[in-house]
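Participant: Kindly return the folded structure for what I paste below:
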Amino acid sequence: MKKISKLHKLAPGDKVAILSPSSGLPGIFPWVFEQGVERLHEIFNLVPVEYPTTRQMNSPLKDRARDILDAFSNKDIKAIFTSIGGEDQIRLLRYLDADIIRSNPKPFFGFSDNTHLHIYLWNLGMPSYYGGAIMTQFAMQQGMNDITIQSIKRALFETGCFDVDVSDTYNDIGLSWQDPNNLKKERIWEPNDGLYWDGKNNASGTLWGGCVESLTVQMSSGIYLPSDKDLENTILFIETAEDIPEPWVVQYLLYGFGERGWLEKFQGVLVGRPKAWEFDKQLNADEKKDYREQQRKIILDTVRLYNSSIPVVQNLDFGHTDPQIIIPMGNQAEINTSDKVVKFYY
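Facilitator: Prediction:
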């Protein structure tokens, strides 16, 4: 079982870094980025500090890695927030200095392509927070979601065990960032199905996982994967990105986990609600429903090929849809199938 350290909690007025380890979209859509940064300050009373590559598209990997190391080594910086995801983050990990990061543990927030940094930190024995990007959750049009605010505050300021919230509504239909006026509009919210449970066993363990597409790249390279021993007594969490992958993509990832023996080591599986609408894939309500049903079925069927007893809970509020809860990766989680409750330790 992997030994994971504890992180400090923040206080109002603390300085936090804003980085773009993947994509420099803040430079293309500054009105979106700046709204998110403003809310970080106004709602959470933190002082944001931008780094040189935060607004630079296609900045060199070494420069992005330098910003990450500078943010970790700076004693005045108490946490790190990412602006957005991307697609090439795994390529910058080679430029990081593990000793610098290990010697300066601090909370790290982000999701999607930032899965690679989460896994890197987890391998160093450092927990991190999966979720909460500046340009998505913080800059949500018209206002941040209450569940998201509460979850971020737990990660930043609170300690303890909390029931995972389940929203009555959800959103995955976006508003274009091209038009600054959209920041004042509200997205379309639809009724949420709630959680889908399978399995009778209860479970507890250390959270490990991330975005399916990023985990697939991790599996392909094999360079940064944890050891089999480290995954003892862990709970897997996964979610798919905005590209709305075919269900077989998730199945192939789970095949890889199963053939490695990992699905026998995981104590449970948590699955975020899949995004089923994108600007270039504008599925209607029935098509979205069908897509989610197909993904749920293929995940459950594949897990059950390798493990017949662990609990599998799907449609949680994390990942690429909103509202979004923050996953405390590296911290403990509990799955109570009798009471139909999931708990996270922050």
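Participant: Sort out which residues of stretch 21-33 are buried, please.
Facilitator: The neighbour-count criterion (16 or more other C-beta atoms under 10 Å) identifies 21, 22, 23, 24, 25, 26, 27, 29, 32, 33 as the buried residues of stretch 21-33. Just so you know, the C-beta spots here come from the backbone N, C-alpha and C atoms, and that holds for glycine as well.
Participant: Check residue 13 and give its pLDDT.
Facilitator: Turning to residue 13, the model gives it a pLDDT of 98.
Participant: sorry, back to before: ok, the buried residues of stretch 21-33 vs residue 254, which is closest?
Facilitator: Comparing these against residue 254 with C-beta to C-beta places residue 22 closest, at 24.6 Å.
Participant: Regarding that closest one, what is its secondary structure?
Facilitator: Classification of residue 22 by DSSP: H, G, I helix; E, B strand; the rest coil places it in coil.
Participant: Could you tell me which residues make contact with the nearest residue to it once chain neighbours are set aside?
Facilitator: With sequence-adjacent residues excluded and distances taken as C-beta to C-beta, 6 or more residues apart in numbering, residue 22 is closest to residue 86, at 2.6 Å. By C-beta atoms under 8 Å, 6 or more residues apart in numbering, the contact list for residue 86 reads 20, 21, 22, 23, 112, 113.
Participant: Which of the three states applies to the nearest residue to the fourth one once chain neighbours are set aside?
Facilitator: With C-beta to C-beta, 6+ apart as the measure, residue 86 is the residue that lies nearest to residue 23, at 3.5 Å, once sequence neighbours are left out. Of the three states, residue 86 takes coil according to three-state DSSP.
Participant: How much space separates residue 86 from residue 179?
Facilitator: To residue 179, residue 86 is 23 Å away according to C-beta to C-beta, to the nearest Å.
Participant: residue ranges for the helices of this protein, please.
Facilitator: Using DSSP state H, the helices assigned to the chain run over residues 30-44, 61-73, 98-102, 115-123, 146-157, 212-221, 247-259, 262-265, 285-306.
Participant: now those helices in JSON lines, with mean pLDDT and distance to residue 135?
Facilitator: Supplementary listing: those in JSON lines, determined by pLDDT from 0 to 100; distance: least, C-beta to C-beta, whole Å:
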{"stretch": "helix 30-44", "mean pLDDT": "98", "distance to residue 135": "5"}
{"stretch": "helix 61-73", "mean pLDDT": "98", "distance to residue 135": "16"}
{"stretch": "helix 98-102", "mean pLDDT": "98", "distance to residue 135": "24"}
{"stretch": "helix 115-123", "mean pLDDT": "98", "distance to residue 135": "17"}
{"stretch": "helix 146-157", "mean pLDDT": "98", "distance to residue 135": "14"}
{"stretch": "helix 212-221", "mean pLDDT": "98", "distance to residue 135": "18"}
{"stretch": "helix 247-259", "mean pLDDT": "98", "distance to residue 135": "25"}
{"stretch": "helix 262-265", "mean pLDDT": "98", "distance to residue 135": "32"}
{"stretch": "helix 285-306", "mean pLDDT": "98", "distance to residue 135": "23"}
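Participant: can you put those in a markdown table and add distance to residue 9?
Facilitator: Rendered in a markdown table, the data for the helices of the chain read as follows (distance: least, C-beta to C-beta, whole Å):
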| stretch | distance to residue 9 |
| --- | --- |
| helix 30-44 | 12 |
| helix 61-73 | 17 |
| helix 98-102 | 19 |
| helix 115-123 | 17 |
| helix 146-157 | 6 |
| helix 212-221 | 27 |
| helix 247-259 | 33 |
| helix 262-265 | 30 |
| helix 285-306 | 34 |
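Participant: Between these, which one is closest to residue 10.
Facilitator: Set against residue 10 and scored by C-beta to C-beta, the helices of the chain come closest in helix 146-157, at 4.9 Å.
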